[in-house]
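Asks: Dropping a prediction and its sequence here:
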Amino acid sequence: MRERLDVLPSPRPSRSAAADRLRVSFEFFPPKTHEAEPVLWETIQRLAPLQPDFVTVTYGAGGSTREPTLTTLARLVSQTDLPAAGHLTCVGASRDEVNAVINSYQDAGIRHIVALRGDPQGGVGERYVPHPDGYATTADLVRGIRACGDFEVTVSAYPEKHPESASLDADLDVLKAKIDAGATRAITQFFFDNDLYFRYLDRALARGITIPILPGILPVQNFQQTANFAAKTGATIPLWLAKRFEGLDHDPATRRLIAASVAAEQVFDLLDRGISDFHFYTMNRAELTFAVCHMLGMRAQTEQRAA
Ligand code: FAD
């Protein structure tokens, strides 16, 4: 047996200590039940010491979580040092109602909004009808937010195009309109094939879109739920991914190991191809996101104040 391994420099960033130039962000949703509340705060407590660039809190379909979203944001501001962003949709609400939410975010100390149109009120697949007195498009909403105060505005992006979109080019026009209205960052819908994301970045760049477009990483907590969600949002589930989870319905421990390795593999490939910002859809669970961040070389910073 050899006594010592020769340590050769690796050309792959994922194999070198690149943690200092990495930036991560985490998405949470407001707890839906009383019991879910401590789970969310334990998750935040576990992830906060990784010092994410920012964290976001979703806004339930059609504004259904308006109060819980605001309560969660207010607690993030008062009890942690995490830069927090509130999601906001304009579907089914008048401008006055939406502006009231923007003002309540501002009063709670929130300076960053993830601006979205929201799904049609009848659900995904139905035709979207803007509220007669509302913001008609996300670009209008972005302009409205910028007019209400000094907010940073992030928007969505769809590497596989939005299901309502006629084409990827039409989708990129919508993204461009949101940027022209004042958005300075985009976060993608989740995807599992990195080539789709890089092709999207190329096409965005060719249209003069230069804002950061963060890849949305979804660690697969539950394969069937992910597949159902993907079917609604137009995201592709590759066959190889389905095969990895095949036959494991009664084996949660192996499923978790596979989920961590799938997410790590995806993130390492993105890192090797030049990406250093990652947005994690945590689904309010810390384990997989924490494991991937740890593998990326990120370490908990103990001085972080969290909940
Ligand atoms: P946009 O990007 O504005 O538009 C999506 C598509 O609609 C366009 O591509 C186009 O096909 C069509 N469209 C829009 N405007 C026009 C126009 N003027 N003319 C023609 N076609 C048009 N939903 C929630 O309810 N709450 C959340 O917190 C939430 N967070 C999200 C976070 C991220 C990162 C992502 C990717 C999605 C999120 N969603 C959320 C889902 C989102 O609300 C839905 O996907 C919704 O259907 C589209 O909203 P959008 O702002 O992404 O739409």
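Replies: Happy to help now that I have it.
Asks: any chance you could map the strands in the stretch 151-300 of the chain?
Replies: 152-157, 185-190, 213-217, 277-281 (DSSP state E, counting those that start in this stretch).
Asks: which strands and helices sit next to the third one?
Replies: Which is strand 213-217. strand 185-190, helix 194-206, helix 252-272, strand 277-281 (3 or more Cβ pairs under 8 Å, 6 or more residues apart in numbering; DSSP states H and E). In short, each C-beta sits where N, CA and C put it, glycine included.
Asks: about what we covered before: can you put the strands of the stretch 151-300 of the chain in JSON lines and add mean neighbour count and distance to Leu248?
Replies: As requested, the strands of the stretch 151-300 of the chain are arranged in JSON lines below (neighbours: other Cβ atoms under 10 Å; distance: least, Cβ to Cβ, whole Å):
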{"stretch": "strand 152-157", "mean neighbour count": "24", "distance to Leu248": "31"}
{"stretch": "strand 185-190", "mean neighbour count": "22", "distance to Leu248": "20"}
{"stretch": "strand 213-217", "mean neighbour count": "23", "distance to Leu248": "21"}
{"stretch": "strand 277-281", "mean neighbour count": "23", "distance to Leu248": "21"}
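Asks: how about those in a markdown table, adding distance to the ligand and mean pLDDT?
Replies: Shown next, in a markdown table, are the strands of the stretch 151-300 of the chain (distance: least, Cβ to the nearest ligand atom, whole Å; pLDDT from 0 to 100):
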| stretch | distance to the ligand | mean pLDDT |
| --- | --- | --- |
| strand 152-157 | 3 | 98 |
| strand 185-190 | 4 | 98 |
| strand 213-217 | 6 | 98 |
| strand 277-281 | 7 | 98 |
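Asks: so which of these gets nearest Phe28?
Replies: strand 277-281 (9.3 Å; Cβ to Cβ).
Asks: which helices and strands sit right next to the closest one?
Replies: Strand 277-281 packs on strand 23-28, strand 185-190, strand 213-217, helix 287-295, going by 3+ Cβ pairs under 8 Å, 6+ apart.
Asks: any idea of the angle that strand forms with helix 252-272?
Replies: 160 degrees (axes from the mean of the first three to the mean of the last three Cα atoms, to 10 degrees).
Asks: Quickly run through the sheet partners of strand 277-281, with directions.
Replies: Using DSSP bridges, the strands paired with strand 277-281 are strand 23-28 (parallel), strand 213-217 (parallel).
Asks: CA-only coordinates of stretch 137-145, as CSV, when you get a sec.
Replies: C-alpha atoms of stretch 137-145 as CSV (Å, rounded to 0.1, in the frame of the first residue of the first chain):
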residue,chain,number,x,y,z
THR,A,137,-48.8,41.9,-14.9
THR,A,138,-45.8,41.2,-12.8
ALA,A,139,-43.9,44.0,-14.5
ASP,A,140,-46.7,46.4,-13.3
LEU,A,141,-46.4,45.0,-9.8
VAL,A,142,-42.6,45.5,-9.9
ARG,A,143,-43.2,49.2,-10.9
GLY,A,144,-45.8,49.5,-8.1
ILE,A,145,-43.4,48.1,-5.5
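Asks: How about the residues of the stretch 151-300 of the chain by the ligand?
Replies: The stretch 151-300 of the chain comes close to the ligand at residues Ser156, His162, Glu164, Ser165, Asp171, Val174, Ile187, Gln189, Gly216, as judged by Cβ under 6 Å from any ligand atom.
Asks: Without its sequence neighbours, what residue ends up closest to Phe198?
Replies: Arg273 (6.6 Å; Cβ to Cβ, 6 or more residues apart in numbering).
Asks: Next, the contact list for the closest residue to Asp96 other than its chain neighbours, please.
Replies: Using Cβ to Cβ, 6+ apart and skipping residues adjacent in sequence, the residue nearest Asp96 is Asp133, 7.4 Å away. Asp133 makes contact with Ser94, Arg95, Asp96, according to Cβ atoms under 8 Å, 6 or more residues apart in numbering.
Asks: One more: Leu248?
Replies: Thr254, Arg255, Ile258.
Asks: mind giving me TSV with the contacts of Asp133 and columns for secondary structure?
Replies: Shown next, in TSV, are the contacts of Asp133 (DSSP: H, G, I helix; E, B strand; the rest coil):
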residue	secondary structure
Ser94	coil
Arg95	helix
Asp96	helix
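Asks: wait, which of these is closest to Asn228?
Replies: Using Cβ to Cβ, the contacts of Asp133 come closest to Asn228 at Ser94, 32.2 Å.
Asks: any idea how far the ligand is from the closest one?
Replies: Plainly put, Ser94 is 17 Å away from the ligand if you go by Cβ to the nearest ligand atom, to the nearest Å.
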